[in-house]
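>>> quick check, what structure comes out for this input:
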Amino acid sequence: MTLQSYLWGLRIGTLISFAALCAVIFLTDPIDIGVTAFVLFYATFFFTAAGIGVLLLTWIWRRMAEDMLTLGEMGMAIRQGILLGLLSTIIVGLQQFKVLVWWVGIIAVVGVFLIELYFLTRQKGRNN
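Numbers count the residues shown, from 1 in each chain. As a prediction, the model looks like this:
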């Protein structure tokens, strides 16, 4: 699979996920909502945010490193995009339960940052 075909598949998957997110938002009753609708909302929100994050970070990495041409070199952008989607979903969930204040948001950001640092140091240890 080439990089361009992977990116087109990711774009289409993100658009499908965004359409599903819009369907969940507009077709469910916010007053009489069940657990299934919450699960669908958070799942589609995560996939949409992660897809947008991966596409955005891939674009940034391709602009910064011009030799990034293979799919194997995209692991960092994929991981960071998934972590951005996870962070966005956590922040939206905290806001829903009305426990999101500035310091809780910073703790969530620091937690995701520490996860990324773990992966970077583990990857660096393998290269040495």
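
>>> could you point out the longest helix of this protein?
Ordering each helix of the chain by length in residues (DSSP state H) puts helix 35-64 first.

>>> packing partners of the helix or strand just after it?
Scanning forward in sequence from helix 35-64 by DSSP states H and E, the next helix or strand is helix 75-96. On a contact count with 3 or more C-beta pairs under 8 Å, 6 or more residues apart in numbering; DSSP states H and E, helix 75-96 meets helix 35-64, helix 102-127. No exception for glycine: its C-beta is placed from N, CA and C like everyone else's.

>>> now do 10 Å
When contacts are defined as 3 or more C-beta pairs under 10 Å, 6 or more residues apart in numbering; DSSP states H and E, helix 75-96 sits against helix 3-27, helix 35-64, helix 102-127.

>>> picking that back up, tell me what angle the longest helix of the chain forms with helix 3-27.
For helix 35-64 against helix 3-27, the angle by axes from the mean of the first three to the mean of the last three C-alpha atoms, to 10 degrees is 150 degrees.

>>> follow-up on the earlier one: need the helices and strands packed on helix 75-96 in TSV with mean pLDDT and distance to residue 95, can you?
Formatted as TSV, the helices and strands packed on helix 75-96 follow (pLDDT from 0 to 100; distance: least, C-beta to C-beta, whole Å):
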stretch	mean pLDDT	distance to residue 95
helix 3-27	94	15
helix 35-64	92	12
helix 102-127	90	9
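
>>> pick the most buried one from those helices.
helix 35-64 (a mean of 17; mean count of other C-beta atoms under 10 Å).

>>> residue 33 contacts residue 41, correct?
Yes - with contact defined as C-beta atoms under 10 Å, residue 33 reaches residue 41; the gap is 8.7 Å.

>>> what residues are up against residue 32?
Residue 32 sits next to no residue when contact means C-beta atoms under 10 Å, 6 or more residues apart in numbering.

>>> for residue 75, same thing?
Contacts of residue 75 by C-beta under 10 Å, 6+ apart are 119, 123.

>>> same question for residue 28.
Neighbours of residue 28 in contact, by C-beta under 10 Å, 6+ apart: 34, 36, 37, 38, 40, 41.
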